[in-house]
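Novice: Could you look at this predicted model? Sequence included:
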Amino acid sequence: MFSNLNKTKSHICVIGDLMLDKYLWGETTRVSPEAPVQVVNVKKETSTIGGAGNVARNLASMGSKVTIMSVIGTCDVANQIKNSLSKIGANIENILIEKDRVTSIKTRIISSNQQVLRFDYESENSISTFIEKKLIDNFKENVKNFDLVILSDYGKGLLTEKVTKSIIDISNSNNIKVIIDPKGRSFVKYTGSYLLTPNKKEAGLAVGFDIVDKKSLKKALNKLKTDLKLEVSMITLSEDGIAFQDKNEFHHIPANVRSVFDVTGAGDTVISALGIAISAGYNIIDAAKFANLAAGVVVGKIGSSTASLKEIHDYDILTSKSDQKKNIKTPDQMRVVVNDLKKLGRKIIFTNGCFDLLHSGHVTYLEEARNIGDTLIVGINSDRSVRSLKGATRPILNESERLLIISSLKFVDYVVLFDEETPLELIKLIQPHVLVKGGDYSNKDVIGKEYADEVVLIDFIEGKSSTNIIKKITSINYEV
């Protein structure tokens, strides 16, 4: 679905507050004798770029070219941030220096993989009028180089009303979308941008009422879109996903979160993923789906984290297991999926069969096949083709049941039905890296082998077959 993201290298400009995220990692084994507080025995200390820097990290991790514009001080922390941005490949030529500016540091104490305390060292003073003008001039000079602009507002004084409005006006005049992670009770300065990504609490403060149900959510979305002249009105809903209004339509994209360890930086990941997808030409619905997947990856990690395209793709496969029907594909759907998989460098394994009355031999065979590569696709004979191969009394289980059963196996990534006597057309469509067949094919010609890189034979467990099971059942003399 997201194949273009792997081949389209967008150039995204990030403008926002830079900061350093520090982490003190340790364990809690006792309570202080001096006060009723936990004592954390610190084992290690790490740091990473935060704020707009974390947006840049996410974009770089997803393959985007990044230019970052911001203002920092002259302290050692400021230099550490610049060095870290350079290491991820971000263009830092337009980071301005303001001599007396305090560079923000957020320090988090982590005990047993849980954040127990955070303390901040920062200033929220607005940048000077001289720096404002310089930042706006630099943006105007470079704007034609960008495919999209992200404003990452942490309320630390960089995105003043003048700077924000100027960036939006300049971008709009050059037909470049601006998406914004907003801050504060008033969103007026963001008027005219493409979309905002406030969470439910932030949006509620901005519209002046609590968002407690679907009705108030729709009302808030409509008010933000109308008042701020947005193309898309969006509100992130944490574990409930993302809601947005596109034109006059309401959409809700459910979350793909399986486990949550730390929500630090999740908003940065969401806006980065939206930026990547929108700049690649995806519609807002697909962009929101992609952002949900990316958020699901990062909240499963500890600390301000990033998500790569490979991680997002793998997470998509993992979460789809919660709805078995999601990995049951038609041949046309399979064509799109395979294209995405190959763009991401996945080693594709294909095998096929009737799988009528699933038994341990089938399970072992499919598990061994999956271990050969990264993605196992199983072709399953339709009821019509099973009858053609095995006679009018087969199959015992219809095709819908067989598709559902095989798709539920944890080592099967996708299943697809085919109606022909052989899977030749399906193999031709998929063109797998490895074509797997049973050991009984050792002296037979393997159909479709010319469309695979290699053929691997896997021995069946002796005596295990659907036919034998059926014979045993029919031979039993049942007494009523």
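Specialist: Nice, thanks for sending it over. Residues are numbered from 1 along each chain as shown.
Novice: who are the neighbours in contact with residue 106?
Specialist: Listed by CB atoms under 8 Å, 6 or more residues apart in numbering, the contact set of residue 106 reads 19-22, 50, 118-120, 122. (C-beta placed from N, C-alpha, C; glycine too.)
Novice: Count the neighbours of residue 62 for me.
Specialist: Close neighbours of residue 62, defined as other CB atoms under 10 Å, add up to 26.
Novice: ok, now residue 392?
Specialist: 6.
Novice: so it sits in a strand?
Specialist: No: assessed with DSSP: H, G, I helix; E, B strand; the rest coil, residue 392 is coil; it does not lie in a strand.
Novice: picking up where we left off before, from the contacts of residue 106, pick the one nearest residue 473.
Specialist: Nearest to residue 473, judged by CB to CB, of the contacts of residue 106 is residue 21 at 62.9 Å.
Novice: Give me the three-state assignment for the nearest residue to that closest one once chain neighbours are set aside.
Specialist: Leaving aside its sequence neighbours, residue 21 sits nearest to residue 50 (CB to CB, 6 or more residues apart in numbering; 3.6 Å). Secondary structure assignment for residue 50 (three-state DSSP): strand.
Novice: count of neighbours near residue 50?
Specialist: Look at residue 50: counted by other CB under 10 Å, it has 26 neighbours.
Novice: Over to residue 358?
Specialist: Neighbour count for residue 358, taken as other CB under 10 Å: 18.
Novice: where does residue 119 fall, helix, sheet strand or coil?
Specialist: Following three-state DSSP, the label given to residue 119 is strand.
Novice: Which positions are bridged to the nearest residue to it once chain neighbours are set aside in the beta structure?
Specialist: Spatial nearest neighbour of residue 119, chain neighbours left out: residue 107 (5.3 Å); criterion: CB to CB, 6+ apart. For residue 107, the beta-bridge partners under DSSP bridges are residue 22, residue 119.
Novice: Pretty sure residue 107 sits against residue 122.
Specialist: No: counting by CB atoms under 8 Å, residue 107 stays clear of residue 122, with 10.9 Å between them.
Novice: how about residue 436, secondary structure?
Specialist: Taking three-state DSSP, the label given to residue 436 is strand.
Novice: Residue 369 is in contact with that one, correct?
Specialist: Yes: counting by CB under 8 Å, residue 436 touches residue 369, with 4.4 Å between them.
Novice: what's the overlap in contacts for these two?
Specialist: 349, 351, 456, 458.
Novice: Mind checking what secondary structure the first one has?
Specialist: Applying three-state DSSP to residue 349 yields a three-state assignment of strand.
Novice: Give me the nearest residue to residue 238, chain neighbours excluded.
Specialist: Spatial nearest neighbour of residue 238, excluding adjacent residues (CB to CB, 6+ apart): residue 199 at 6.8 Å.
Novice: Next, show the common contact partners of residue 107 and residue 122.
Specialist: Listed as contacting both residue 107 and residue 122 by CB under 8 Å, 6+ apart is no residue at all.
Novice: Make sure residue 134 is indeed in a helix.
Specialist: Yes: assessed by three-state DSSP, residue 134 belongs to a helix.
Novice: for it, what are its contacts?
Specialist: Residue 134 is in contact with residue 96, counting by CB under 8 Å, 6+ apart.
Novice: if we can go back for a sec, isn't the residue nearest to residue 21 right next to residue 19, touching?
Specialist: Yes: in this structure residue 50 lies within contact range of residue 19 using CB under 8 Å: 4.6 Å.
Novice: what is in contact with these two at once?
Specialist: Taking CB under 8 Å, 6+ apart as the criterion, residue 50 and residue 19 both touch 104, 106.
Novice: any idea which helix or strand carries residue 400?
Specialist: In the assignment (DSSP states H and E), residue 400 maps to helix 399-407.
Novice: list the helices and strands that helix packs on?
Specialist: Applying 3 or more CB pairs under 8 Å, 6 or more residues apart in numbering; DSSP states H and E, we find helix 399-407 packed against strand 328-329, strand 375-381, strand 414-418.
Novice: Between residue 436 and residue 369, which has more neighbouring residues?
Specialist: residue 436 (26 against 23).
Novice: do you know how far residue 392 is from residue 172?
Specialist: 68 Å (CB to CB, to the nearest Å).
Novice: again with residue 104
Specialist: 30 Å.
Novice: Find the residue at the geometric middle of the chain.
Specialist: In the chain, the centroid-proximal residue (CA atoms, centre = their mean) is residue 294; its distance is 2.2 Å.
Novice: which element is that one on?
Specialist: Secondary structure from DSSP H and E places residue 294 in helix 284-298.
Novice: Show me where the stretch 151-300 of the chain has its helices.
Specialist: Under the criterion DSSP state H, counting those that start in this stretch, the stretch 151-300 of the chain contains helices at 161-173, 200-207, 214-228, 266-279, 284-298.
Novice: got TSV for these, with distance to residue 381 too?
Specialist: Output for the helices of the stretch 151-300 of the chain, formatted as TSV (distance: least, CB to CB, whole Å):
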stretch	distance to residue 381
helix 161-173	55
helix 200-207	49
helix 214-228	44
helix 266-279	37
helix 284-298	32
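Novice: Indicate which one of the ones you listed is closest to residue 93.
Specialist: Per CB to CB, nearest to residue 93 of those: helix 161-173, 17.3 Å.
Novice: Kindly export the closest one (C-alpha atoms) in CSV.
Specialist: C-alpha atoms of helix 161-173 as CSV (Å, rounded to 0.1, in the frame of the first residue of the first chain):
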residue,chain,number,x,y,z
GLU,A,161,2.8,35.0,15.6
LYS,A,162,4.8,36.9,13.0
VAL,A,163,7.0,33.9,12.1
THR,A,164,4.2,31.4,12.0
LYS,A,165,1.9,33.6,9.8
SER,A,166,4.8,34.5,7.5
ILE,A,167,5.8,30.8,7.0
ILE,A,168,2.2,29.9,6.2
ASP,A,169,1.7,32.8,3.7
ILE,A,170,5.0,32.2,1.9
SER,A,171,4.3,28.4,1.7
ASN,A,172,0.7,28.9,0.4
SER,A,173,1.9,31.3,-2.3
